[in-house]
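Participant: this one's structure only:
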């Protein structure tokens with residue numbers, strides 16, 4: 001920047017139309033007259049040199065440097081520019097000005113040189129400055145080469161580009177002692193008008209031919225230049241617009257691009273405008289257009305997207321919040337929430353009872369606005385609200401499947417039909433047990449980590465049509481877990497068992513609470529921890545047809561490295577017939593037999609020496625039992641440890657009064673996943689038909705801000721009975737809906753889930769539910785499942801996919817123990833129902849003696865076998881475990897093992 005020793009006088013100051021933030025000052029600048037200051041001028045001029053000059057010199061001849069090449073604006077306060085004299089010299093600097101005005105250099109002088117510029121004013125005052133000049137040897141290329149194609153973008157501010165010869169030339173060298181010119185779209189039939197540079201503007205956009213000419217040699221080359229405007233316009237929107245349909249006679253309001261625009265512009269051209277209107281869920285209400293028409297039924301909040309397009313098709317967008325107010329008639333939804341005594345989904349005023357204190361929720365399908373109402377003492381509800389949506393989803397804010405056997409949990413309320421009017425009546429059916437004091441309880445935790453705290457979450461509900469007083473829940477914690485606190489008062493019963501009073505529960509009433517615990521630091525990594533919750537009173541309905549009243553329960557424990565397994569009948573009646581039980585060692589069937597117990601009786605199976613395997617006892621429940629299932633218990637870590645066996649099979653109790661939750665301890669936790677129990681046997685995840693599956697969806701807010709609402713949507717396989725789904729415990733209160741008979745939706749309203757960077761523990765949550773299979777799923781059926789997790793209005797997070805294969809007889813039996821050299825023997829199927837095949841590997845035509853004994857060592861069959869494979873018919877054999885032996889005529893044992901007959 002050049003500075004002048006002058007006096008500035010502001011003659012006038014005027015604000016003109018300029019960009020915001022800039023003021024144009026119109027100033028008159030003058031120098032003082034040559035008065036007293038210049039009468040005796042002794043001040044030298046100011047010498048200003050151009051810095052760092054590089055010049056090419058030809059191989060033959062020389063190049064001349066003049067003083068004008070070095071001067072960069074030298075001046076004097078008292079002399080005019082024409083009154084100044086300029087001289088140059090090469091260093092070292094002389095004490096007085098030289099007489100030379102130019103210097104010549106040849107290729108022999110290539111290299112750096114220091115040149116001095118002398119400036120002398122009209123009275124002889126002198127000053128000088130220095131600059132560095134580099135002389136390069138340059139052998140110009142005899143041939144000029146132009147780029148085939150060059151693309152040029154017009155500037156972002158002045159919509160221009162100054163094109164020079166070097167923009168087009170390639171190869172070289174092209175020495176600066178030659179003069180190069182450019183010519184746009186040269187005239188092929190006549191002389192052109194080449195120039196040192198060409199400035200392109202908006203009118204030049206497109207494709208052109210560019211010629212580059214060397215003036216001294218007459219050489220030339222040609223290429224194509226494409227001039228583009230690639231700078232998009234700047235879209236500027238109003239921040240917010242409020243539209244009001246007033247007076248009421250005005251039924252529409254047109255929003256135009258000019259109302260949304262707040263000064264959009266482009267660097268080169270005029271722009272075209274279009275707008276698109278979105279609802280609050282960012283769904284488009286139409287294509288881009290010059291305007292959008294709102295009608296009175298569209299009152300609410302919207303987004304208007306302004307698209308700005310320049311002449312080249314470059315676009316930019318901005319967004320404006322739009323609020324539309326319109327005088328509308330309130331709409332009303334009313335009805336009765338009732339206990340559906342006959343399960344026909346229809347309210348019968350005189351026969352069925354309304355339910356008090358239930359929350360009914362209507363959600364607008366377009367705006368997402370939520371309205372709620374509570375039922376009164378007669379079960380009646382009524383809600384009125386502005387007509388912001390044409391359609392609403394109506395449901396109960398309840399955490400369980402109140403539709404149950406086919407009645408809906410969600411109702412579509414449609415006001416779009418004029419015949420509907422402004423009031424809709426919708427009764428809501430709730431399935432409650434009309435005969436039994438039925439209650440549910442569920443317990444779960446998303447993680448168990450050694451030496452860390454954890455939390456169990458419990459949910460409970462009265463699923464009967466009667467009030468139940470003096471309810472309480474007893475919880476037995478796994479021995480490795482130490483109780484710390486709970487969200488409701490507890491009573492310590494000893495032996496890690498606690499009681500929690502839950503009071504009187506009205507029909508359909510539900511609740512939840514939590515238990516905080518710590519995990520022992522010395523637990524075996526990967527060990528399974530099982531805790532049980534039992535809600536009381538747990539009266540079983542006595543009037544169940546074809547049920548004897550027997551109730552089968554099982555128990556397992558490890559004492560002194562010995563496994564003890566017990567079956568007991570805690571019901572009021574005896575077993576009507578012998579029932580089966582199975583003992584599995586890890587994944588191999590160890591024993592199958594029958595039992596029959598009177599009321600209050602129990603049987604302890606033969607103790608098993610612990611060897612580190614996991615032993616599981618499963619017993620058949622009494623036929624006709626109200627809740628069915630197959631009671632089971634697993635004993636892990638007795639006399640050693642084998643990881644991962646407990647969760648392969650079902651652990652939870654089919655009895656709704658009892659919930660058993662098992663989880664392996666882990667050191668890591670992966671959020672936003674889906675888990676299933678039982679996991680299933682082997683890589684195919686085999687489970688038997690009719691075995692229910694417990695699913696857990698875990699979620700975490702990994703975003704950067706608080707999540708206000710979380711919705712989990714789970715589309716179920718057709719192999720699962722969605723109408724019988726049982727929602728369970730969760731980390732936060734939620735409401736449940738069954739959509740389209742196979743889609744589960746869990747909604748966590750106002751969950752206020754912080755992001756994981758702010759609070760890692762509080763950013764997590766989960767929900768658990770249990771669902772039975774469809775009856776009669778064929779063997780080989782594949783049940784897959786995943787869930788979508790929505791955090792506010794973000795795209796969903798999709799969990800991993802779980803899978804199970806339905807089958808039978810997939811648990812293997814340790815079938816045979818061959819003698820050395822005898823080879824293996826295939827025994828199949830095992831377990832069996834009608835016949836068993838024995839196929840030895842190395843019989844070599846031998847005739848072997850077959851002997852079969854029962855579990856008590858009694859011989860039940862013997863015969864000689866010469867034809868292989870050998871088939872054993874069941875005939876009169878009872879269900880149970882049998883041991884076989886194959887030996888030769890010398891009584892040498894070849895094969896032995898066991899089979900199981902169902």
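Facilitator: Right, received. Where do you want to start? This one's a predicted model, so the numbers in the text were calculated from it and none came from an experiment.

Participant: give the buried residues for stretch 129-148.
Facilitator: By 16 or more other C-beta atoms under 10 Å, the buried positions in stretch 129-148 come out as 129, 131, 133, 135, 138, 140, 144, 146, 147. For the C-beta atoms, the positions are set from N, CA and C on the backbone; glycine is no exception.

Participant: the nearest residue to residue 735 once chain neighbours are set aside and residue 356: what is the separation?
Facilitator: Using C-beta to C-beta, 6 or more residues apart in numbering and skipping residues adjacent in sequence, the residue nearest residue 735 is residue 397, 4.5 Å away. When distance is defined by C-beta to C-beta, to the nearest Å, residue 397 is 15 Å away from residue 356.

Participant: re the thing from before, give the contact list for the residue nearest to residue 735.
Facilitator: 359, 360, 361, 372, 735 (C-beta atoms under 8 Å, 6 or more residues apart in numbering).

Participant: of the residues you listed, which belong to strands?
Facilitator: Taking DSSP state E, the ones among the contacts of residue 397 that sit in strands are 359, 360, 361, 372, 735.

Participant: out of those, who has the most neighbours?
Facilitator: Neighbour counts for the ones in strands among the contacts of residue 397 peak at residue 360, which has 23 neighbours (criterion: other C-beta atoms under 10 Å).

Participant: contacting residues around the nearest residue to that residue once chain neighbours are set aside?
Facilitator: Computed as C-beta to C-beta, 6+ apart, the closest residue to residue 360 that is not its neighbour in sequence is residue 381, at 4.7 Å. By C-beta under 8 Å, 6+ apart, the contact set of residue 381 is 334, 335, 336, 337, 358, 360, 373, 374, 375.

Participant: which residue packs closest to the first one, ignoring adjacent ones?
Facilitator: The shortest distance from residue 334 to any residue that is not its chain neighbour, by C-beta to C-beta, 6+ apart, is 4.0 Å, and that residue is residue 382.

Participant: so for the strand or helix carrying that neighbour, what gets flagged as buried?
Facilitator: Using DSSP states H and E, residue 382 sits in strand 380-385. For strand 380-385, the neighbour count (16+ other C-beta under 10 Å) marks 380, 381, 383, 385 as buried.

Participant: any idea how far the residue nearest to residue 334 lies from residue 335?
Facilitator: 8 Å.

Participant: again, but for residue 731
Facilitator: Counting by C-beta to C-beta - residue 731 and residue 335 are separated by 32 Å.

Participant: more crowded one of those two?
Facilitator: Set residue 731 next to residue 335 and count neighbours by other C-beta under 10 Å: residue 731 wins out with 23 against 20.

Participant: name the SS class of the closest residue to residue 288 other than its chain neighbours, please.
Facilitator: Leaving aside its sequence neighbours, residue 288 sits nearest to residue 274 (C-beta to C-beta, 6+ apart; 3.9 Å). At residue 274, secondary structure determined by DSSP: H, G, I helix; E, B strand; the rest coil is strand.

Participant: measure how buried residue 274 is and give me the count.
Facilitator: For residue 274, the number of neighbouring residues by other C-beta under 10 Å comes to 17.

Participant: now it, which residues is it bridged with?
Facilitator: residue 307 (DSSP bridges).

Participant: OK, contacts around the residue most central in space within the chain?
Facilitator: Residue closest to the average C-alpha location in the chain (C-alpha atoms, centre = their mean): residue 797, at 2.6 Å. Contacts for residue 797 (C-beta under 8 Å, 6+ apart) come out as 672, 699, 788, 789, 790, 791.

Participant: settle this for me: the fourth one is touching residue 710, isn't it.
Facilitator: Yes - in this structure, residue 789 is within contact of residue 710 by C-beta atoms under 8 Å, at 6.9 Å.

Participant: neighbour-wise, which of the two wins?
Facilitator: Taking neighbours as other C-beta under 10 Å, residue 789 and residue 710 compare with residue 789 leading, 25 against 21.

Participant: which SS class is that one?
Facilitator: strand.

Participant: check contacts around it.
Facilitator: 672, 697, 699, 710, 711, 712, 796, 797, 798, 799.

Participant: any idea what the nearest residue to the first one once chain neighbours are set aside is bridged to?
Facilitator: When the adjacent residues along the chain are set aside, residue 672 lies closest to residue 797, with 4.8 Å between them (C-beta to C-beta, 6+ apart). Per DSSP bridges, residues listed as beta-bridge partners of residue 797: residue 789.

Participant: just residue 57 next, same as before
Facilitator: Assigned bridge partners for residue 57, using DSSP bridges, are residue 137.

Participant: what number of residues lie near it?
Facilitator: Residue 57 has 22 nearby residues by other C-beta under 10 Å.

Participant: next up, the contacts around it.
Facilitator: Counted by C-beta under 8 Å, 6+ apart, residue 57 has contacts 63, 105, 106, 107, 109, 110, 135, 136, 137, 138, 177.

Participant: what of residue 840?
Facilitator: Applying C-beta under 8 Å, 6+ apart, the residues near residue 840 are 822, 823, 824, 825, 826, 868, 869, 886, 894, 895.

Participant: in the sheet, who's paired with it?
Facilitator: Under the criterion used (DSSP bridges), residue 840 bridges to residue 825.
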